[in-house]
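*Asks:* Okay, sequence plus prediction incoming.
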Amino acid sequence: MNEIRHHLTDGLLMSYSAGTLPEAFSLVVATHVSLCDECRARMDSFDAVGGALLGDSDEVSVSEDALEATMALIDAAPQIVQPANISGPDAILPAPLQQYVGGDADAIRWRPIGGGVRQAVLDTGGEASVRLLAIPGGAAMPDHGHRGMELTLVLQGAFRDEEDRFGRGDVEVANEDLHHTPVAEEGVECICLAATDAPLRFKGIIPRIAQKFIGI
Ligand code: ZN
Ligand code: ZN
């Protein structure tokens with residue numbers, strides 16, 4: 001199995017455990033955790049702490065509901081009766097993501113957004129948005145900065161940027177401090193799950209015009 005080198009921050013895992021993340025970010029966290037034993041173990045320890053705190057609280061009923069709803073994203077996955085089209089461990093899309101897409105990668109309803117890149121925006125509530133992106137091997141995304149947080153989880157292939165290389169299971173946590181130009185590695189198409197809570201900051205005029213139509 002491919003070794004995961006880029007993980008979620010404690011802050012993200014704690015917020016997820018507390019049920020305070022927007023749905024789009026929760027989906028990225030749940031999907032990474034489903035691929036990553038290390039983050040799953042850290043998450044379990046935060047859940048244990050959270051559970052102990054809830055035990056002392058007067059607002060147990062509300063908080064437990066929120067916690068349960070959040071945990072359902074990962075924990076319920078193996079227990080829920082899966083639709084017949086949910087694929088097994090060799091799937092490109094891990095189980096939490098397959099539930100949004102309604103199947104594995106062949107069920108994704110891609111739309112071309114130029115330069116051979118395709119995207120599929122997933123339906124989530126809240127202020128953040130999340131999309132699947134498919135970038136041809138060797139192609140670059142326009143260089144951009146961030147007004148908020150961007151989580152990018154690689155599902156197939158790999159990309160590189162000014163920070164490092166990101167392969168399957170790796171997650172890049174970008175914020176206002178990072179300006180980068182992700183480039184898909186030569187070879188297989190790079191498929192990522194990307195969540196943002198604010199529009200990206202593009203440098204060039206063409207990407208800025210395209211941004212209106214793509215909604216990224
Ligand atoms: Zn991890
Ligand atoms: Zn970015």
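*Replies:* Thanks, I have the structure now. Ligands and ions are numbered 1, 2, ... in the order given.
*Asks:* Any part of the longest helix anywhere in the chain near ligand 1?
*Replies:* The longest helix of the chain (DSSP state H) is helix 37-55. Yes. Helix 37-55 lies within reach of ligand 1 by CB under 5 Å from the ion, at E38, C39. For glycine as for every other residue, the C-beta is placed from the backbone atoms N, C-alpha and C.
*Asks:* Can you verify V130 is assigned to a strand?
*Replies:* Yes. Counting by DSSP: H, G, I helix; E, B strand; the rest coil, V130 is located in a strand.
*Asks:* Can you give the distance from stretch 141-156 to the centre of its chain?
*Replies:* In terms of CA atoms, centre = their mean, to the nearest Å, the centre of stretch 141-156 is set 10 Å apart from its chain centre.
*Asks:* any bit of that stretch sitting next to ligand 1?
*Replies:* No. Counting by CB under 5 Å from the ion, ligand 1 is not contacted by stretch 141-156; separation bottoms out at 9.9 Å.
*Asks:* Up against ligand 1, what does the protein have?
*Replies:* Residues of the chain lying near ligand 1 (CB under 5 Å from the ion): H7, C36, E38, C39.
*Asks:* Counting by contacts, list what the longest helix of the chain packs against.
*Replies:* On a contact count with 3 or more CB pairs under 8 Å, 6 or more residues apart in numbering; DSSP states H and E, helix 37-55 meets helix 10-18, helix 23-35, helix 60-75.
*Asks:* Quick check: phi and psi on the nearest residue to H179 once chain neighbours are set aside?
*Replies:* Leaving aside its chain neighbours, H179 sits nearest to G145 (4.4 Å; criterion: CB to CB, 6 or more residues apart in numbering). Note on G145: its backbone torsions stand at phi -110, psi -170 [degrees, to the nearest 10].
*Asks:* in the chain, which residue is closest to the centre?
*Replies:* V28 (2.6 Å; CA atoms, centre = their mean).
*Asks:* That one contacts R131, doesn't it?
*Replies:* No. With contact defined as CB atoms under 8 Å, V28 does not reach R131; the gap is 10.8 Å.
*Asks:* Could you tell me which residues touch both of those two?
*Replies:* Contact with both V28 and R131 is made by residues L193, A195, according to CB atoms under 8 Å, 6 or more residues apart in numbering.
*Asks:* so where's the chain uncertain?
*Replies:* For the chain, the stretches flagged by pLDDT under 70 are 1-2, 54, 56-86, 213.
*Asks:* relative to helix 10-18, how tilted is the longest helix of the chain?
*Replies:* Here helix 37-55 runs at an angle of 50 degrees relative to helix 10-18 (axes from the mean of the first three to the mean of the last three CA atoms, to 10 degrees).
*Asks:* Chain neighbours aside, what residue packs nearest to P199?
*Replies:* Nearest-residue entry for P199: R147, 6.1 Å, with adjacent residues in sequence omitted and distances by CB to CB, 6+ apart.
*Asks:* Kindly provide the distance from that neighbour to ligand 2.
*Replies:* 11 Å (CB to the ion, to the nearest Å).
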